[in-house]
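A.B. asks: Here's my sequence, what's the structure:
(one chain, ligands or ions: 1)
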Amino acid sequence: MMTMKATALAHPNIAFIKYWGMQDEDLKLPANNSISMNIGCLSTRTTVEYDPALKADEIQLNGSYLSGAGLARVKSFMCHLRQMTGHSLFARINSENNFPTGAGLASSASAFAALALAGTAALGLKLSEQELSNLARWGSGSACRSIPGGFVEWRTDSSTHQSYAASFASEQHWKLMDCIAIVSSEHKQIGSEAGMRLAATSPLQGARIQDTERRFSQCRQAILKHDFMTLSQVTELDCSMMHAVMMTSNPPLFYWQPQSLGIIMAVKQWQAKGLPVTYTLDAGPNVHVICPQEIAGDILPRLKKIPGVLEVLKGLPGGPARLIPEDSRLESEKV
Ligand code: PMV
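C.D. replies: Numbering: from 1, shown residues only. Take a look at the predicted model:
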């Protein structure tokens, strides 16, 4: 019998324009359009093997079997994949990250992007990028942005309920370095799915959504024109707007740690001295400090010296999700 096995690699992504909140939770449609960049050196590698002898999906992450909410989430994604492809086999899934899981590094994005690709390729299916992005979205919204490469936009067409991400500039377009200052590797208390359900309780969410198109176009143009100053302004504004919504939800969510604010303040000082550098945070305390590659050699040692910074990871814009040999090694770049 033909082996029904495939291995895929995907990168997490960091959003410059964040999505936060759902327009329709059942259809997995986001409340607003978003823009992100894949983070090249960080990767998830996932092998999926369908086995007619299995009575349920089995999932290992970084060498341990998943249980609880994590397991339920992957199983529900696999159900969706089975429905979509019309088969009924269960799978053995083995996934590995080369970066801390669940600490605001969007591990669910690379996880479901790699799973969508490996899970369909193992069945001998060759989905288009659009179909894969649409599928990955059912695991985690931001996973749809980890299917295409480089700089990616995710738009929802509410009239057709179509929602998938597409690249608008390749990974070679702009060598921006994401220097990720890790202040905690612990699993966050409130995941983004639960957090987003609270977004509509914030009096600020409506204003954030209403202003998204303006920030989205500004950010897209800034990336296309390599305009770091505008990118920096709109990225920080967008991050503050999302965290303001989180902090004013009911109950409120505070993802920042004191060390996160310490890093933000340091970045503001470096900017005041003329350095092209900016920051953003997802649903976690770690700070993504972004700068052109040429000045990363100056920024990285400064970041490492800030109290509370445990380690710094770095990555240039990453390529699309892709199939790889099962035994390929995953290496991240610590500095
Ligand atoms: O789709 P999720 O569950 O990975 O949520 C991602 C939410 C943020 O990272 C906070 C914002 C974003 O657009 O990536």
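A.B. asks: Tell me which stretches of the stretch 101-250 of the chain form strands.
C.D. replies: Using DSSP state E, counting those that start in this stretch, the strands of the stretch 101-250 of the chain run over 151-157, 162-169, 176-182.
A.B. asks: so of those, which one's packed in deepest?
C.D. replies: Greatest average neighbour count among these goes to strand 176-182 (a mean of 24), per mean count of other C-beta atoms under 10 Å. C-beta here means a position set from N, CA and C on the backbone, and glycine is covered the same way.
A.B. asks: Return that one as CSV; C-alpha atoms alone will do.
C.D. replies: In CSV, the C-alpha atoms belonging to strand 176-182 read as follows (Å, rounded to 0.1, in the frame of the first residue of the first chain):
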residue,chain,number,x,y,z
LEU,A,176,13.7,43.6,7.8
MET,A,177,15.0,41.8,10.9
ASP,A,178,12.5,40.7,13.6
CYS,A,179,14.6,40.6,16.8
ILE,A,180,12.3,38.9,19.3
ALA,A,181,13.0,39.7,22.9
ILE,A,182,11.8,36.8,25.0
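A.B. asks: So which elements touch it?
C.D. replies: strand 287-292, helix 293-305, strand 311-315 (3 or more C-beta pairs under 8 Å, 6 or more residues apart in numbering; DSSP states H and E).
A.B. asks: let's see it at 10 Å
C.D. replies: Other helices and strands packing on strand 176-182, by 3 or more C-beta pairs under 10 Å, 6 or more residues apart in numbering; DSSP states H and E, are strand 13-17, strand 34-38, helix 258-272, strand 278-280, strand 287-292, helix 293-305, strand 311-315.
A.B. asks: Export those as CSV, with columns for mean neighbour count.
C.D. replies: Below are the helices and strands packed on strand 176-182 laid out as CSV (neighbours: other C-beta atoms under 10 Å):
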stretch, mean neighbour count
strand 13-17, 28
strand 34-38, 29
helix 258-272, 17
strand 278-280, 23
strand 287-292, 25
helix 293-305, 15
strand 311-315, 21
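A.B. asks: Present the ones you listed as JSON lines; the columns should include distance to the ligand.
C.D. replies: What follows is the helices and strands packed on strand 176-182, written out as JSON lines (distance: least, C-beta to the nearest ligand atom, whole Å):
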{"stretch": "strand 13-17", "distance to the ligand": "4"}
{"stretch": "strand 34-38", "distance to the ligand": "5"}
{"stretch": "helix 258-272", "distance to the ligand": "14"}
{"stretch": "strand 278-280", "distance to the ligand": "9"}
{"stretch": "strand 287-292", "distance to the ligand": "10"}
{"stretch": "helix 293-305", "distance to the ligand": "21"}
{"stretch": "strand 311-315", "distance to the ligand": "15"}
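A.B. asks: Perfect, that will be all.
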